[in-house]
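Peer 1: A structural model of the following input is requested.
(one chain, ligands or ions: 1)
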Amino acid sequence: MLLTNNLTVNEQGHLAIGGVDTVELAREYGTPLYVMDEGRIRLACRQFKQSIDNYYGGRGIAHYASKAFCCKEMCRIIADEGLGLDVVSIGELYTAMSVNFPPERIGFHGNNKTEEELRYALECSLGHIIVDNLTELETLDRIAGEMGKNARIMFRVKPGIEAHTHEFIMTGQIDSKFGLALENGEAMGAVKRALAMKNVTLGGLHCHIGSQIFDIDPFVMAADVMLHFIADIKEQTGYEVEELNLGGGFGIKYTEQENPSAYDLYMQKVSDKVKNTCAALKLKQPYIVIEPGRSIAGPAGITLYQVGSVKKIPGVRTYVSIDGGMTDNPRYALYQSRYEAVCANKADAPRDQTVTIAGKCCESGDLIGKDMPLQQVEPGDILAVLATGAYNYSMASHYNRIPNPAVVMVKDGTSRLIIKRETPEDLIRCDL
Ligand code: LLP
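Peer 2: Okay, here's the model as predicted:
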């Protein structure tokens with residue numbers, strides 16, 4: 001029921017995270033409240049690092065995809081663990097720079113970076129700007145020239161692999177807003193153009209096949225496709241790509257029924273593929289970057305709410321209304337995502353009823369989930385929704401002018417505030 005072993009039920013029958021009683025957290029910091037477990041974040045970082053060491057001789061690095069959960073403290077922790085960072089907007093980059101994240105370990109993504117963003121990225125001297133299209137390439141070359149800088153770039157390539165949770169299919173894959181296509185020569189054309197440019201240095205190639213992927217095979221196939229492209233580039237231009245960024249997308253356990261592959265196995269299989277294909281194609285083994293986001297932040301977080309009304313509609317369903325909803329977790333509304341919920345102050349009781357958890361927005365679709373098992377709850381109880389560390393805070397909105405919750409970090413039995421709760425005054429700060 002609790003998904004990860006940093007979640008426990010203590011002597012009072014309360015849910016605890018990282019050794020901290022969640023009912024106490026709700027009392028001290030208020031609800032809704034995002035709670036992140038530092039131990040769990042660091043553990044995931046170390047597992048990725050360890051698997052790169054074990055299977056690829058340490059010739060690679062994990063860049064945390066900060067879109068999953070970005071704030072100053074998260075950037076500090078990621079920097080401290082020696083990982084790099086994937087940023088995708090001026091805001092994520094600014095957050096990272098505000099805590100002196102080493103810029104050489106930052107990759108800047110996005111399919112439509114603005115000139116302002118490109119200029120800022122160049123000022124910061126980032127490790128790589130991952131160029132999505134030819135317009136961006138030309139703009140970057142021009143801006144870098146104007147600024148007297150040289151832009152280190154990678155190209156985002158569509159490897160032609162579409163990955164789903166339990167299956168994968170090869171597709172033409174031209175139909176994606178991200179990156180350059182292989183099959184129509186677009187990617188090769190961009191590589192040749194970049195090699196001829198004065199203000200741009202091509203450092204590598206990037207691909208990302210999707211998110212919340214459980215199978216390892218699509219990742220292995222993507223690596224294979226990218227290596228064949230590297231061989232083609234070498235043959236046609238003599239230039240050998242030295243760095244290959246294989247993106248993120250590793251699935252996590254949101255519900256008891258889900259069973260993601262171990263990340264260790266991913267690195268083992270991808271490393272084998274890279275080594276074998278490089279040998280077969282007579283290539284140097286590239287430096288490998290991976291970009292896990294959800295798998296680092298997701299299992300580390302939970303959200304605490306207070307139960308308001310409990311509406312039992314006989315023969316229809318039971319609605320449990322909470323003091324948050326789609327503004328702090330839009331994932332059910334967007335993707336019909338499934339979660340586990342636990343009554344934090346009755347965590348030792350059986351989850352013997354089926355409920356629909358509803359948020360407080362003026363919108364019927366504002367649900368955290370339908371038909372979820374839960375303890376018998378009453379108004380005033382504390383509800384915990386599990387595995388909300390990724391793509392919850394980062395996707396929060398101000399719909400209905402609901403202030404964003406606070407974020408608390410727990411570590412070995414202690415807690416500290418890392419993001420303050422917004423106030424109504426915060427919401428009118430930019431209003432004129
Ligand atoms: N690298 C690139 C270029 C990406 O676009 C992404 C995610 C990642 C890495 C990290 O993927 P992860 O390891 O977190 O799966 N909002 C959606 C997820 C969107 C993911 C977008 N890109 C959700 O809530 O499920």
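
Peer 1: so which bits of this protein are right by the ligand?
Peer 2: Within the chain, the positions near the ligand by Cβ under 6 Å from any ligand atom are 65, 67-68, 86, 109, 208, 211-212, 247-250, 291-295, 331, 391, 395. In this view, the C-beta of every residue, glycine as well, is placed from N, C-alpha and C.

Peer 1: grab the nearest non-local neighbour of Val342.
Peer 2: Nearest residue to Val342 in three dimensions, chain neighbours excluded: Ala384, at 4.9 Å (Cβ to Cβ, 6 or more residues apart in numbering).

Peer 1: what ranges do the strands span in the stretch 101-250 of the chain?
Peer 2: 106-108, 128-131, 151-158, 161-163, 168-170, 180-181, 200-206, 243-245 (DSSP state E, counting those that start in this stretch).

Peer 1: hmm, I typed the wrong one, I wanted the stretch 301-432 of the chain.
Peer 2: Under DSSP E, counting those that start in this stretch, the stretch 301-432 of the chain gives strands at 301-313, 317-322, 341-343, 353-358, 367-374, 382-386, 406-411, 414-419.

Peer 1: what sits against Cys45?
Peer 2: 62, 64, 77-78, 81-83, 296 (Cβ atoms under 8 Å, 6 or more residues apart in numbering).

Peer 1: next, it: phi, psi?
Peer 2: phi -60, psi -40 (degrees, to the nearest 10).

Peer 1: same check on the one 5 residues further on?
Peer 2: When quoted as degrees, to the nearest 10, the phi and psi of Gln50 stand at phi -60, psi -40.

Peer 1: and the closest residue to it other than its chain neighbours, how many residues sit next to it?
Peer 2: Closest residue to Gln50 apart from its sequence neighbours, by Cβ to Cβ, 6+ apart: Asp264 at 7.8 Å. As a burial measure, Asp264 scores 14 neighbours (other Cβ atoms under 10 Å).

Peer 1: now Ala279
Peer 2: Residues near Ala279, counting by other Cβ under 10 Å: 10.

Peer 1: figure out how far the strand or helix carrying it is from the centre of its chain.
Peer 2: Secondary structure from DSSP states H and E places Ala279 in helix 263-281. Computed by Cα atoms, centre = their mean, to the nearest Å, the chain-centroid distance of helix 263-281 equals 23 Å.

Peer 1: how about the closest residue to the ligand within the stretch 251-400 of the chain, nearest residue that isn't a chain neighbour?
Peer 2: Per Cβ to the nearest ligand atom, Gly293 is where the stretch 251-400 of the chain lies closest to the ligand, at 2.7 Å. Spatial nearest neighbour of Gly293, excluding adjacent residues (Cβ to Cβ, 6+ apart): Ala65 at 3.0 Å.

Peer 1: and if you look at Cys278?
Peer 2: Closest to Cys278 by Cβ to Cβ, 6+ apart is Gln285, at 4.8 Å.

Peer 1: quick one: pLDDT of that neighbour?
Peer 2: Gln285 is assigned 98 on the pLDDT scale.

Peer 1: give me the distance between it and Gly325.
Peer 2: To Gly325, Gln285 is 48 Å away according to Cβ to Cβ, to the nearest Å.

Peer 1: again with Thr114
Peer 2: 32 Å.

Peer 1: and the strands of the stretch 101-250 of the chain, which one averages the lowest pLDDT?
Peer 2: Among those, strand 168-170 carries the lowest mean pLDDT (a mean of 49).

Peer 1: what sits against Gln353?
Peer 2: 318, 373-376.

Peer 1: beta partners of it?
Peer 2: Counting by DSSP bridges, Gln353 is bridged to Leu374.

Peer 1: can you give me the distance of it to Ile233?
Peer 2: Counting by Cβ to Cβ - Gln353 and Ile233 are separated by 59 Å.

Peer 1: residue furthest from the geometric center of this structure?
Peer 2: Pro314 (40.0 Å; Cα atoms, centre = their mean).

Peer 1: how many other residues sit next to the residue lying closest to Asp426 once chain neighbours are set aside?
Peer 2: Leaving aside its sequence neighbours, Asp426 sits nearest to Pro403 (Cβ to Cβ, 6+ apart; 6.4 Å). For Pro403, the count of nearby residues is 17 (other Cβ under 10 Å).

Peer 1: check whether Pro403 really touches Glu425, as I assumed.
Peer 2: No: applying Cβ atoms under 8 Å, one finds Pro403 not in contact with Glu425, separated by 9.3 Å.

Peer 1: want to throw the contacts of Gln353 into CSV with pLDDT, distance to Ser51 and neighbour count?
Peer 2: Below are these laid out as CSV (pLDDT from 0 to 100; distance: Cβ to Cβ, whole Å; neighbours: other Cβ atoms under 10 Å):
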residue, pLDDT, distance to Ser51, neighbour count
Thr318, 97, 44, 17
Pro373, 98, 34, 15
Leu374, 98, 36, 25
Gln375, 98, 37, 21
Gln376, 98, 43, 14
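
Peer 1: report the contact partners of Leu7.
Peer 2: Counting by Cβ under 8 Å, 6+ apart, Leu7 has contacts 15-17, 302, 386.

Peer 1: hmm, back to that, closest one of the contacts of Cys45 to Ala196?
Peer 2: Nearest to Ala196 among those: Ala62, at 32.5 Å, using Cβ to Cβ.

Peer 1: wait, the closest one sits on Glu291?
Peer 2: Yes: using Cβ under 8 Å, Ala62 is in contact with Glu291, at 7.3 Å.

Peer 1: ok so, going back, for the strands of the stretch 101-250 of the chain, which one ends up most surrounded?
Peer 2: strand 128-131 (a mean of 28; mean count of other Cβ atoms under 10 Å).

Peer 1: check which helices and strands it sits against.
Peer 2: strand 106-108, helix 115-123, helix 134-147, strand 151-158, strand 200-206, strand 243-245 (3 or more Cβ pairs under 8 Å, 6 or more residues apart in numbering; DSSP states H and E).

Peer 1: run the last query once more with 6 Å
Peer 2: Strand 128-131 sits against strand 106-108, strand 151-158, with contacts defined as 3 or more Cβ pairs under 6 Å, 6 or more residues apart in numbering; DSSP states H and E.

Peer 1: tell me the strands beside the longest one, with direction?
Peer 2: Each strand pairing with strand 151-158, determined using DSSP bridges, is listed with its direction: strand 128-131 (parallel), strand 180-181 (parallel), strand 200-206 (parallel).

Peer 1: now do the shortest one: distance to the chain's middle.
Peer 2: What it means is strand 180-181. That offset, for strand 180-181, works out to 23 Å (Cα atoms, centre = their mean).

Peer 1: thanks a lot, catch you later.
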